[in-house]
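Chemist: I need the structure of the sequence given here:
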Amino acid sequence: MALWRAYQRALTTHPWKVQVLTAGSLMGLGDVISQQLVERRGLRAHQAGRTLTMASLGCGFVGPVVGGWYRVLDRLIPGTTKVDALKKMLLDQGGFAPCFLGCFLPLVGTLNGLSAQDNWAKLQRDFPDALITNYYLWPAVQLANFYLVPLHYRLAVVQCVAVIWNSYLSWKAHRL
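Modeler: As a prediction, the model looks like this:
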């Protein structure tokens, strides 16, 4: 409980920094889970650079983009009624999710040194499956998130659920 209270205090004092660092930490954790539990690499074969890349993407891309999106979404559709939450989820999943995945996957490919041609081929191969998989998880999570969770906690809630999603995305993005 003391750790949670300290997190809340930090979030109140430095909301943007804490949200970005939370996203980065949980993206890194998702990659560790991907490498150790999904890919079963073991500690000797663990690619620390890959984990650092995913954590950096969390801090430099995912945290700012998703955190900023939630602020925009709250301005576009103010309120927390069930209808407001449904509208936010539909806009989030119908507009933001495809754009986000369409940027995230090639960004990882670029950071992994893929050529533009290989990155395009990988995006064409992986994007449809990633988007469909997204729709199995995120609509329900986002509906609850937009209805029940105050704005300043939304990114943290999503990133906690996203540890599993990040494991999947890391596996998908690094599969050649």
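Chemist: contact partners for residue 110?
Modeler: Listed by Cβ atoms under 8 Å, 6 or more residues apart in numbering, the contact set of residue 110 reads residue 119. In this view, the C-beta of every residue, glycine as well, is placed from N, C-alpha and C.
Chemist: quickly find the element holding it.
Modeler: helix 97-111 (DSSP states H and E).
Chemist: show the subsequent helix or strand relative to that helix.
Modeler: helix 116-148.
Chemist: quick one: work out the angle between that next one and helix 97-111.
Modeler: Helix 116-148 runs at 140 degrees relative to helix 97-111, counting by axes from the mean of the first three to the mean of the last three Cα atoms, to 10 degrees.
Chemist: give me the buried positions along helix 116-148.
Modeler: 119, 122-123, 126-127, 130-131, 134, 138-139, 141-143, 145-147 (16 or more other Cβ atoms under 10 Å).
Chemist: same question for stretch 40-56.
Modeler: 50-51, 53-55.
Chemist: so which residues make contact with that stretch?
Modeler: Under Cβ under 8 Å, 6+ apart, the answer for stretch 40-56 is 24-25, 27-28, 30-32, 35-36, 108, 111-112, 166, 170, 174.
Chemist: kindly recompute the last result at 7 Å.
Modeler: 24-25, 27-28, 30-32, 35-36, 111, 170, 174 (Cβ atoms under 7 Å, 6 or more residues apart in numbering).
Chemist: now render these as TSV, adding distance to residue 65.
Modeler: Output for the contacts of stretch 40-56, formatted as TSV (distance: Cβ to Cβ, whole Å):
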residue	distance to residue 65
24	13
25	16
27	12
28	17
30	16
31	18
32	22
35	24
36	27
111	15
170	17
174	20
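Chemist: measure residue 63 to residue 55 for me?
Modeler: From residue 63 over to residue 55 the distance is 10 Å, taken as Cβ to Cβ, to the nearest Å.
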